[in-house]
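> Provide a 3D model corresponding to the input given below.
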Amino acid sequence: MCGNETQQKRILLVEDNALVARALVTLLTDIDPDVNVTTCDRAESFQETFIQSKSWFRIFVDVDLPQTHHLSLVRWLADREACRNCIILARSINVNVLVAAQKIGILGYISKSKSNETFEAAMRSVLNGDNVFPDSTNNSERHITVRMTRRQHDILCLLQRGYSSKQIAVHLNVTRGTVDNHVSSVLRTLNVSSRTHAVAKALELGYIGFNISTYR
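Below is the predicted model of the structure:
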């Protein structure tokens, strides 16, 4: 479901909490009366609305949206060369997501847990075109770095597409046993216990990108 579409300083916002969305719209219009905000509460409607017109002044993405994996929508925007005006809104600072987002080249990363004054100041800054990122060195979350081989990356991308070990073996022209060994290695590398969790964590850490078929 999407709200009113705009003409000048058009802002696209994805936020599934209706109360938060209304508060954000009020804040944005209070800061700059010339902005017009289109709100979406689901990833699908957000993507569809973006595709209809790419003339967006700013794009605010709630990375805690249900059924998405942190940077999935941001990477989807990056694939369409639309990340320069993108701002992440998050419940709290996730250092892994923050570092990956900065590498992608977004405009800002704003935590909703900040004080009202600090949050408003950050929103004013990104509307003015300034980069706004929290200082990750002051955050208690640990930045996890893992070494991912090219073959592990290939395996993860195929797992993300729902391939079985047998299908992966055919696709990569290797034995099923080789595939299972690589999958086991991926699980150990990412410190997870299932293939689904491996894909989710790889998305979170930025090792693989978002596949639009996730929502189709």
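> roughly how far apart are the residue nearest to Val35 when sequence neighbours are not counted and Leu127?
In space, and not counting its chain neighbours, Val35 is closest to Lys9: 4.4 Å by C-beta to C-beta, 6 or more residues apart in numbering. C-beta coordinates here come from the backbone N, C-alpha and C atoms, glycine included. Distance from Lys9 to Leu127, counting by C-beta to C-beta, to the nearest Å: 8 Å.
> Touching both of the two, which residues are there?
32, 35 (C-beta atoms under 8 Å, 6 or more residues apart in numbering).
> Comparing those two, which shows the higher neighbour count?
Between Lys9 and Leu127, counting by other C-beta atoms under 10 Å, Leu127 is the more crowded of the two (19 against 16).
> give the contact list for the more buried one.
Per C-beta under 8 Å, 6+ apart, neighbours of Leu127: 28, 31-32, 35, 58.
> These in strands, which ones?
Arg58 (DSSP state E).
> How about the residue sitting furthest away from the middle of the chain: what's its closest non-neighbour residue?
Most distant residue from the mean C-alpha position of the chain: Thr175, 34.2 Å away (C-alpha atoms, centre = their mean). Nearest non-adjacent residue to Thr175, counting by C-beta to C-beta, 6+ apart: Ala169, 6.0 Å away.
> The strand or helix carrying Leu24 - contacts with which helices or strands?
For Leu24, the host element (DSSP states H and E) is helix 18-31. With contacts defined as 3 or more C-beta pairs under 8 Å, 6 or more residues apart in numbering; DSSP states H and E, the packing partners of helix 18-31 are strand 10-14, strand 36-40, helix 116-127.
> quick one, which of the ones you listed is nearest to Glu48?
Closest of these to Glu48 is strand 36-40, at 8.4 Å (criterion: C-beta to C-beta).
> list the helices and strands that closest one packs on?
strand 10-14, helix 18-31, helix 43-52.
> Using TSV, lay out those together with distance to Ser111 and mean pLDDT.
As requested, the helices and strands packed on strand 36-40 are exported to TSV (distance: least, C-beta to C-beta, whole Å; pLDDT from 0 to 100):
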stretch	distance to Ser111	mean pLDDT
strand 10-14	16	95
helix 18-31	13	93
helix 43-52	20	92
